[in-house]
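Chemist: no letters, just coordinates:
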């Protein structure tokens, strides 16, 4: 892959300066909370949760819903070589599952799942068709593949125009030939037309991975550490984007409006033999980055303009989308040390 000087030494990079405006001297939060809509049908559903619910405890999060069971696969150390249809008989700790049972069920005392978290797949049983609205903090999603095994996984996808399975996995040799199972009418069904079958936002699948892989889809989005872009004073924080597809990829960065939208600017830097030349530009609400060539990586750096800050801390949310129908959310936290110290 070709790496930009932001991360590995080429000539051009994009930096983003955060102008943080507030009316207090403590914490100002933009809207980092979003609402995820998941359409459930009666019976078992394989879902992918992209937010940390405001109420993490299942009994609180689900008390007004027809959801009576939620199962999470945590693994038992062995590779998953075949896929079993969901059944209460299969959901044991020995088989790698922890389960929440609704309090009014006779088996509620068997509950071993006590929190629902974003960036996690779940099997959900609903007694009726239901539109599940989950409000919570957006998280950066990623999947950890178990080598030579099936992995239960979901992905950040556009609600209206998601990719086909082939568009999503075409860039990964570890997932060819495809062995992908989708839950249909309580049965795991092999996806046999990956080129024409669309994925769905909020859905999870059993997917076989041959050998090791860190593949995250057509676009990989990496931050320096943790799950949040954290900016401390004037110290920059970077994001690395990588096009894993075999074709050019269009990437868009949207600065989500909230109670305090983060006003952004981006800086183009040219590195010569003797110095660095830079110019800054206001970042619009929706910014289309220059197209990524196949295999290209490019860095996007964030920094604070401390002279424009009047609060200790401010948070925000960026939505990263591609023309293939993938999506991810980047929470941002910026702090100004001189204000927090009382100077």
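Modeler: Received, thanks. Since we're looking at a predicted model, the values are computed, not measured.
Chemist: tell me the secondary structure for residue 87?
Modeler: coil (DSSP: H, G, I helix; E, B strand; the rest coil).
Chemist: ditto for residue 174
Modeler: When classified by three-state DSSP, residue 174 comes out as helix.
Chemist: how far off centre is stretch 92-104?
Modeler: Centroid separation for stretch 92-104 versus its chain: 25 Å, with Cα atoms, centre = their mean, to the nearest Å.
Chemist: which residues in it does the neighbour count mark as buried?
Modeler: By neighbour count on 16 or more other Cβ atoms under 10 Å, the buried set for stretch 92-104 is 96, 97, 98, 99, 100, 101, 102. (C-beta placed from N, C-alpha, C; glycine too.)
Chemist: what about stretch 40-60, average pLDDT?
Modeler: Averaged over stretch 40-60, pLDDT sits at 95.
Chemist: and it, end to end?
Modeler: When the termini of stretch 40-60 are compared using Cα to Cα, to the nearest Å, they are 19 Å apart.
Chemist: and that stretch, what's buried?
Modeler: In stretch 40-60, residues buried by neighbour count (16+ other Cβ under 10 Å) are 40, 43-53, 58.
Chemist: turn those residues into a markdown table, columns for distance to residue 71.
Modeler: Compiled in a markdown table, the buried residues of stretch 40-60 are given as follows (distance: Cβ to Cβ, whole Å):
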| residue | distance to residue 71 |
| --- | --- |
| 40 | 14 |
| 43 | 13 |
| 44 | 9 |
| 45 | 11 |
| 46 | 10 |
| 47 | 11 |
| 48 | 14 |
| 49 | 13 |
| 50 | 18 |
| 51 | 19 |
| 52 | 19 |
| 53 | 17 |
| 58 | 11 |
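Chemist: let me know the closest of those to residue 149.
Modeler: When the buried residues of stretch 40-60 are compared for distance to residue 149 (Cβ to Cβ), residue 46 comes out closest, at 17.2 Å.
Chemist: that closest one pairs with what?
Modeler: residue 123 (DSSP bridges).
Chemist: surely it meets residue 120?
Modeler: No. Residue 46 sits out of contact with residue 120 when judged by Cβ atoms under 8 Å, with a separation of 11.9 Å.
Chemist: all helices for this protein, in order.
Modeler: The residue ranges that make up the helices of the chain, judged by DSSP state H, are 58-61, 165-169, 337-340.
Chemist: sorry, back to before: widest-spaced pair of the buried residues of stretch 40-60?
Modeler: For those, with distances taken as Cβ to Cβ, the pair at the greatest spread is 43 and 52 (26.3 Å).
Chemist: okay, and for the stretch 101-250 of the chain, where does confidence drop off?
Modeler: Across the stretch 101-250 of the chain, the ranges flagged by pLDDT under 70 are 233-234.
Chemist: can you do 80?
Modeler: 225, 231-238 (pLDDT under 80).
Chemist: what does the pLDDT read for the residue of the chain most remote from its centre?
Modeler: Each residue of the chain has a distance to the centre, and by Cα atoms, centre = their mean the biggest one is for residue 274: 39.7 Å. What the model reports for residue 274 is a pLDDT of 82.
Chemist: check residue 309 too.
Modeler: pLDDT, the model's per-residue confidence, is 61 for residue 309.
Chemist: kindly report the same for residue 13.
Modeler: pLDDT recorded at residue 13 is 44.
Chemist: then residue 327?
Modeler: We have a pLDDT of 96 for residue 327.
Chemist: also residue 283?
Modeler: Looking at residue 283, its pLDDT reads 66.
Chemist: OK, contacts around the residue most central in space within the chain?
Modeler: For the chain, the residue lying nearest the average C-alpha position, counting by Cα atoms, centre = their mean, turns out to be residue 141 (2.4 Å). When the contact criterion is Cβ atoms under 8 Å, 6 or more residues apart in numbering, the partners of residue 141 are 50, 118, 119, 154, 155, 156, 328, 329.
Chemist: now do the phi/psi pair for the first one.
Modeler: Taking degrees, to the nearest 10, you get phi -100, psi 0 for the backbone angles of residue 50.
Chemist: I'd assumed residue 204 was in contact with it.
Modeler: No. With the criterion set as Cβ under 8 Å, residue 50 and residue 204 do not qualify as a contacting pair; they are 11.0 Å apart.
Chemist: do I have it right that residue 198 meets residue 160?
Modeler: No. With contact taken as Cβ under 8 Å, residue 198 and residue 160 are classed as non-touching, separated by 10.5 Å.
Chemist: more crowded one of those two?
Modeler: Shown here are residue 198 and residue 160; by other Cβ atoms under 10 Å, residue 198 has more neighbours (13 against 7).
Chemist: would you mind measuring from residue 96 to residue 189?
Modeler: For residue 96, the distance to residue 189 equals 21 Å [Cβ to Cβ, to the nearest Å].
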